[in-house]
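Participant: The amino acid sequence is not available; the structure is as follows:
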C-alpha cells in the first residue's frame, strides 16, 4: 500500500512522473483511477486552497470527497497510547482511523507543526501515527515536516516555464512575518526543486537556517541531476541571476517557537521594485496565504511574472496525479 | 463574462426568460449546462434555504458544489486595500478570489448588509469588490443591496398562479420584527414584481420607506409593462383588492441600524384573520425565515393560500436557470 | 410514506429483509434506488461514523448528501408550538422542515436524549415531531429512544458469523463510563438481536436496568423465534457460554441524568483477559466511540475477535438497504 506524506515516498523519479501526469491532466486528460472513489479529508488545521483543490481534483474526475474537521461536527480525538480516557476526549484516534479505513479509499490529512523543535517536527509523530494506523493510503495535506503536494505544484509551475530545469537558478528567499511559521513548505519546495536538478540558493537571516538534514538531503538530490544547494544570509543574494524567486516565511532554527534572537527582520520585506532587479523572465512564487506589505509589498503581486495563482491551480493536477499513483497500486 | 448580483444584470427581459426556463426545469427538464460544473458557495453569513437549494440545484443536474464558510474551517479574510497585514487576518480577499477563480466554474457569495446607511448598503461595496476581483462568474446568494435569486423565486411563484401578471394587484407589506433587517429582499421583490408589470403597493410605517432609488427604478420598470408602484403608511392598505400579499420586515429608512423613531410597531403584526379580508385566491408569501407571532400569527401559515414552501422550492429552479444563463455565455 | 426511526417501523421480517439486502450490497451489488437521490443529513448532535457512513452509502450508489449542522452555518431552530419568537431563535422547525421537504428525497436526523427520564426519552418527542412534520421519509441517525441503523449493523455483523442466529447466546454487558449515556444503542441492539431470535442476557449493575417496556418488547420478539431475554446484575454473567459479547455503557434507570446510587461501578470495566474466558469464536462488539481503559482495557481491542470495525463498515450497507426500502415505496 502506498502513502504520500513525504518526498521520500516519491523520490526524484516519482516527482518527474507525477509532474508529467499532472501536465497531461491540465491539458484536458481526466484520470480514470479517481472515478467512483471516495477521498476523506481530515482537517486538524484550517485550510482554503487545500480543501477546495482536493475537492475539485476529485469532482472533476468523477470521485467524491468527505470533509471532516476536528471541532466541526466531529469530537476532538484522543491520541495518547495507554491513556485512561476519563476526560473530555471521547474517541481515540486508533478507533477513528480503523473506522475511516472502512469508509474511504484514501485519507488526506492536515496536521500542523508543534513548533517546539525542528527535530520533533521533522519526526512528524502525529502524521506518522496516522500513516501507521490507517488501513488505506494516506496523503498529506501538510504536516509538521513537509507539504509534498505543495512541493509538486511548485515544481510543476517551474516546469511549465522551464522544460529543462537542470541547473536552473532558483532563490528560496525568507521573508518576515508576524509569527513563526512551520517549515513544511520550504522543506518540500527545497527537496522538490532539488529533485528537478535546480541550482538553489536558500537565503535567510542568521538563525533562520532550514534544518541541516533537509539541506543535506536536497544537496544529494540536486547533485545527482547537476544542480546544487547554497545557503546565504544576504537578502539580495544573487538576485540578478535568479530565474525563480520563491518567497516564504518560516520560524527560527532549532526551536522555532521562540522569538528570534535578532527580531523579525522587517528589512527583509520584499519591495515592489524587487522584480525589476531580476532577469526579465524570472518568476515570483509564493504558496499562499500571504501577508501583504509584511512579506512583500502588494504592488509586486500585480506583476504578470507573479504566478501564485498558477501554483494554486496546479494543486488540482498534481493531486490528481498523486491520487492516481496511490490507487493504481492496487489498493 | 456574466454575473448575477443585481436586478440590472438581467433586466425585465432577462427575468422573463429565466422564469420561463425555471418553469421548464420544475416540470422535469434538466439543464445541461450544469453537468460537470463546480460551483463554490462562499458564506460570509449563515443560511439554510440558500445553502441547500444551491446544492440541490447543482446535484440534480449533475454538478458539484463546494461550501466555504468564513470562520468554519477557513480563516477570516482581509478586505482592505493597501493594509499592512500584521494583525490576525492571514489572507487577503484578492488572493482568495484569485485562487477560487482557478478552482470553480462560478462563485456564489452571501454577504449581509452593514446596516449603517441605505446609501452604503445600496453601493454594495463588498459584493462589488468580489465581482470585480473574481475571474469567474459571480452569483449573489444575498448581498447588502439585493437578493436576486429570491426575487426570481418570488416572481416565479406569482407566475405559477397568474400567467399574465400585468397590472396584478400586489401588496408588499412591512411587518414588525425584533431587530432591523436588511432591505435586500424587499428591494429585489419590488424590482422583480415591477418587471412583471404588477401594480404594487408598498405599505410600511412612516420612517420605514424603502430607498427612493429602488422605488424609482421599480416605477420605471412597472410603468413599461402597464403596472405601477404606490407607497402607503396604512397597514390595511387596499387589502380587499390584493392578489398577492408579500409580507416582510426591514429596518428603518436612511440609517437602518438606529432604533426607529416610533418603536417597532407591534400593531403591524398580521393577525390570523387577515387572509379572510382578501380575495379568495390571494396568495400569502414570505421569503423565510419568519418570526412566528411577531411578524404574523402562526395560524395564518397553515392556510393553503400560504405558499412559502413553493417560494422555497422555486429557488432550486430559478437558480438552475441563473447558472445556465451564467455559463451559456461561454465562460 | 415510509419512515425508519424505530424498530417497529421494520419489525422482525423487515430486519431480516434489510440484512439480506445489506449482505448483497457488501458483496458488490449496488442499490439502484439511491442513484440521483438527495439525502439531507441534519445533525443536532455531533457524529463521526454516522456522518461518514451515510455519505459513503449515498456516494457509492450515485446519490448525493447535503450535511446541515445546528450551529454550523445554520441558525438554531425554535421548536415550541405557539411561542412568540422574539428571542434569539430565528426560524421555527416547522418552516425548516417544510423547506427541506421540498429539497431532499429523505431527511436523516440525529437528535440526542434529554436524559431527564426514560419515559420522556422513549416518547422521543423531538424526533416524532420531525417525523410528523416532514413531507419526505425520515430516517433516524440516533434519537433519544433508538438507533435503528446501529441495531441493523450490529445484527448484520452477528449474521455474518452465524447464518442461523436463533437461540444464539448473546451477552449485552453494561460497562462504566465518565457520564450517563443515552440508552438508544442498547435499546436498538436488544430489539434487533431479539428479532434474530437470539438468547440474550442483559447484564448491568442494579439501578442500570434498561426500560421495562423495551425489555418486554424484546422478550416478545425473541420468544417468537425461539430466543429469550434474561436480566442479570452479575458482571461475569454466563461469560463462558456467550457467542457474542456486546459491551456498552448507559445511564441509570428511570432518571438517567442523576448520579447512580452506588457510583459508576469502575469494577465493571472489562479486563484484557476477559475474552479468554469466552468460547474460542465469541465476538466482541461495541458501537463506538469507546473510552479506552474506562469501558475496556485497550489490549482487548487488538484481539482479532473484536469486530468493532466490521460493525462500523456494515453501517454503510444497512443504510443503503434502509434507504432503498424508504424509497422503493414510491415516494
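Facilitator: The structure has been received and is ready for your questions. Just so it is clear, the structure is predicted and the values come from calculations on it, not from any experiment.
Participant: show me where pLDDT drops low in chain A?
Facilitator: Low-confidence segments of chain A, defined by pLDDT under 70: A:71-75, A:255-263, A:330-331.
Participant: okay, now the domains of it?
Facilitator: Taking automatic domain parsing as the reference, chain A has its domains at A:7-147+A:314-328, A:149-311.
Participant: Ends of the first one, what's the gap?
Facilitator: As for domain A:7-147+A:314-328, its first-to-last residue distance stands at 19 Å under the measure Cα to Cα, to the nearest Å.
Participant: from the chain's centre, how far out does that domain sit?
Facilitator: Chain-centre distance of domain A:7-147+A:314-328: 12 Å, with Cα atoms, centre = their mean, to the nearest Å.
Participant: wait, does it contact chain C?
Facilitator: Yes: Domain A:7-147+A:314-328 reaches chain C (Cβ under 8 Å from any Cβ of the partner chain) through A:36, A:38, A:40, A:64, A:66, A:68, A:72-75, A:78, A:82-87, A:90-92, A:94-96, A:98-104. (C-beta placed from N, C-alpha, C; glycine too.)
Participant: List the ones among those that fall in strands.
Facilitator: Among these, the ones falling in strands (DSSP state E) are A:38, A:40, A:64, A:66, A:68, A:73-74, A:78, A:91-92.
Participant: Which two among those are spaced furthest apart?
Facilitator: Maximum pairwise distance among these (Cβ to Cβ): 28.3 Å, between A:64 and A:78.
Participant: those helices in chain A, which residues are they?
Facilitator: Secondary structure of chain A, counting by DSSP state H: helices at A:11-26, A:49-60, A:93-103, A:118-123, A:125-133, A:148-161, A:184-195, A:212-224, A:308-328.
Participant: wait, what's in contact with residue A:268?
Facilitator: With contacts defined as Cβ atoms under 8 Å, 6 or more residues apart in numbering or on different chains, residue A:268 is in contact with A:174-176, A:205, A:235.
Participant: what's the closest of these to residue A:15?
Facilitator: Once Cβ to Cβ is applied, the member of those that ends up nearest residue A:15 is residue A:174, at 23.8 Å.
Participant: quick one: the closest residue to the closest one other than its chain neighbours from chain B, how far?
Facilitator: Using Cβ to Cβ, 6 or more residues apart in numbering or on different chains and skipping the chain neighbours, the partner closest in space to residue A:174 is residue A:204 (3.6 Å). Using Cβ to the nearest Cβ, to the nearest Å, one gets 20 Å for the distance from residue A:204 to chain B.
Participant: ok so, going back, from the contacts of residue A:268, which single one is nearest chain B?
Facilitator: residue A:176 (9.5 Å; Cβ to the nearest Cβ).
Participant: before we move on, back to that, may I see the PyMOL selection of the buried members of the residues of domain A:7-147+A:314-328 next to chain C?
Facilitator: Buried subset of the residues of domain A:7-147+A:314-328 next to chain C, written as a PyMOL selection, criterion 16 or more other Cβ atoms under 10 Å in any protein chain shown:
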select buried, chain A and resi 38+40+64+66+68+72+73+74+75+78+83+85+86+90+91+92+94+95+96+98+99+100+101+102+103+104
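Participant: Near chain B, which residues of the stretch 201-331 of chain A are found?
Facilitator: Contact residues, the stretch 201-331 of chain A versus chain B (Cβ under 8 Å from any Cβ): A:288-294, A:298, A:301, A:308-309, A:312-313, A:316.
Participant: Identify the farthest-apart pair in those residues.
Facilitator: Greatest spatial distance in those: A:293 and A:316, 29.0 Å, computed using Cβ to Cβ.
Participant: neighbour-wise, which of those two wins?
Facilitator: Ranked by neighbour count (other Cβ atoms under 10 Å in any protein chain shown), residue A:293 and residue A:316 place residue A:316 first, with 26 against 17.
Participant: residue contacts, that one?
Facilitator: By Cβ under 8 Å, 6+ apart, residue A:316 lies in contact with A:25, A:53, A:56-57, A:60, B:102-103.
Participant: between these, which is nearest residue A:224?
Facilitator: residue A:25 (27.2 Å).
Participant: just checking, the closest one touches residue A:34?
Facilitator: No: judged on Cβ atoms under 8 Å, residue A:25 makes no contact with residue A:34 at a distance of 10.0 Å.
Participant: residues touching the residue in chain A sticking out farthest from the centre, list them.
Facilitator: Residue farthest from the centre of chain A, counting by Cα atoms, centre = their mean, is residue A:86 at 36.6 Å. By Cβ under 8 Å, 6+ apart, the residues touching residue A:86 are C:178, C:291, C:294.
Participant: what about 10 Å?
Facilitator: When contacts are counted by Cβ atoms under 10 Å, 6 or more residues apart in numbering or on different chains, residue A:86 touches C:176-179, C:264, C:266, C:291-294.
Participant: Residue A:168 now?
Facilitator: A:158-159, A:161-162, A:193, A:196-200, A:227, A:242-244.
Participant: With residue A:233 instead?
Facilitator: A:174, A:202-209.
Participant: now do residue A:197
Facilitator: Residue A:197 sits next to A:12, A:164-168, A:221-228 when contact means Cβ under 10 Å, 6+ apart.
Participant: can you rerun that using 7 Å?
Facilitator: A:165-167, A:222, A:225-227 (Cβ atoms under 7 Å, 6 or more residues apart in numbering or on different chains).
Participant: So which of the residues you listed is the closest to residue B:16?
Facilitator: Of the contacts of residue A:197, the one sitting nearest to residue B:16 (Cβ to Cβ) turns out to be residue A:165, at 55.9 Å.
Participant: The closest residue to the closest one other than its chain neighbours and residue A:232: what is the separation?
Facilitator: Computed as Cβ to Cβ, 6+ apart, the closest residue to residue A:165 that is not its neighbour in sequence is residue A:196, at 4.2 Å. For residue A:196, the distance to residue A:232 (Cβ to Cβ, to the nearest Å) stands at 20 Å.
Participant: ok, the two, which is more surrounded?
Facilitator: When residue A:196 and residue A:232 are compared for neighbours, residue A:196 comes out ahead with 26 against 14, by other Cβ under 10 Å.
Participant: Any idea which residue of the stretch 51-200 of chain A lies closest to chain B?
Facilitator: For the stretch 51-200 of chain A and chain B, the shortest gap (Cβ to the nearest Cβ) falls at residue A:59, measuring 4.1 Å.
Participant: ok, that residue - how many residues close by?
Facilitator: Counted with other Cβ under 10 Å, residue A:59 comes out at 22.
Participant: I figured it hits residue B:39, correct?
Facilitator: No: using Cβ atoms under 7 Å, residue A:59 is not in contact with residue B:39; the gap is 10.4 Å.
Participant: Look up how far residue C:119 lies from residue A:249.
Facilitator: 60 Å.
Participant: Likewise for residue A:95?
Facilitator: Relative to residue C:119, residue A:95 is positioned 33 Å away (criterion: Cβ to Cβ).
Participant: Please apply the same query to residue A:201.
Facilitator: For residue A:201, the distance to residue C:119 - Cβ to Cβ - is 74 Å.
Participant: Who has more neighbours out of those two?
Facilitator: Taking other Cβ under 10 Å, residue A:201 and residue C:119 do not tie; residue A:201 has more neighbours (21 against 11).
Participant: Bridge partners for the more buried one, pull those for me.
Facilitator: Assessed by DSSP bridges, residue A:201 has beta-bridge partners residue A:171, residue A:230.
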